[in-house]
Structures are given as structure tokens and as C-alpha cells.
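S.K.: Need the 3D shape of this:
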Amino acid sequence: MNDLIDVIALILIYFLVFFRRWKAKGKDILLINTVMYVYLCFVMYFTLMPVITSIPGMFKPKDPDLVLYFNMVPFVDVQLGRGDYFNQIFLNVLMMVPFGFILPIVRKRGASFFRTVLYTFLISLGIEITQLFISIYRSSDITDIITNTTGGAIGYLFYLNNS
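M.R.: I've put the predicted structure just below:
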């Protein structure tokens, strides 16, 4: 139910803010921007939701035993053999490959490799920082930022190979 509130909000944002603006620019722009929007909604669904219903809890004191931290040791799970680190790394890379591929199509100009990697990094950093505040059940990790950014770079290379 909490996720449904976020989904409804994202649908409303699409139709009230973006749809008419993109449609006025032509069907091609509408299509590629909508694909990017839906993709980013799925990224939010898997990494952040529920967001809206979590906002009130962001301002309440948290139980120190439940608060997770931002892990700043890259690939510590791999080094210590904790959890299902291979799948986590693979899925984090895979999650951002479409972003690296679609962004240059959306931006048309100014979507260099560096800019695509920078935007991927910033989105990943934003996700990880937001996770610290919206949920006590999520953790933030530098490894996720590294692997997400790698995924964006790989996506851009796929774009170059297909353009």
C-alpha cells in the first residue's frame, strides 16, 4: 500500500508535468523521455520506495541499534565473504546500464562519456544518501556507488557501439 502512494504520485507527476511538454516536442522525444522516466521510476521502486510514507519518520529519533550506516569500505562484503555479494554487485551494475545507454539518446548533445558517468555517479550517490534517511531497513554502501557508476559507463559503451 505504501508503494502504491508513490506509484500514484509518479504517474501524476508524469501527466501533470512532463507528458504535455514532451508531446509538444514530437513523438520521438515523447517516446524516449517516457522510456527514461519509466526506467527511473523502476530504479526508485527497487532502491527507495516507499518514499512519501517514509517522510514523517525521517524527522523522528531513531533507535541507535536499528540505524544502519554508510559503509565507506569498498567491496568489504567481497573481502569478508558476507552475504550474496556477487548478485548484489551484478545487479547494481545491471541496474544502471540502461541509464548509461538511454541518457545520450535523451540529451542528444552534451552526453559525453564523462558526463554520463558523472550523472550516473550523482544518481547513485543520491540514492545511497536518501536510503540513509527514509528507511532503517536499508543500508548505504560505497560499493553500490562504484558498481552503479560502472553500470552507467558500460551502458554508455553499449550506446557508442550501437550509434
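S.K.: List the buried residues in stretch 33-40.
M.R.: For stretch 33-40, a neighbour-count test (16 or more other C-beta atoms under 10 Å) marks 33, 36, 37 as buried. In this view, the C-beta of every residue, glycine as well, is placed from N, C-alpha and C.
S.K.: if we look at the helix or strand of the chain with the lowest mean pLDDT, which residues are touching it?
M.R.: When each helix and strand of the chain is scored by mean pLDDT, DSSP states H and E, helix 55-58 comes last, with a mean of 74. Contacts with helix 55-58, where a contact means C-beta atoms under 8 Å, 6 or more residues apart in numbering, come from 133, 134.
S.K.: Next SSE downstream of that helix?
M.R.: Toward the C-terminus, helix 55-58 is succeeded by strand 70-71 as the next helix or strand (DSSP states H and E).
S.K.: pLDDT of that next one, averaged?
M.R.: For strand 70-71, mean pLDDT rounds to 81.
S.K.: Direction included, what does that strand pair against?
M.R.: strand 140-141 (parallel) (DSSP bridges).
S.K.: mind checking the backbone torsions on residue 2?
M.R.: In terms of degrees, to the nearest 10, the main-chain angles of residue 2 are phi -60, psi -40.
S.K.: Quick check: the gap between it and residue 53.
M.R.: Distance, residue 2 to residue 53, using C-beta to C-beta, to the nearest Å: 4 Å.
S.K.: more crowded one of the two?
M.R.: Of the pair residue 2 and residue 53, residue 53 is the one with more neighbours under other C-beta atoms under 10 Å, namely 15 against 11.
S.K.: Please, where are all the helices along this protein?
M.R.: Ranges of helices in the chain, per DSSP state H, are 2-13, 19-24, 27-47, 55-58, 76-80, 85-107, 113-134, 142-162.
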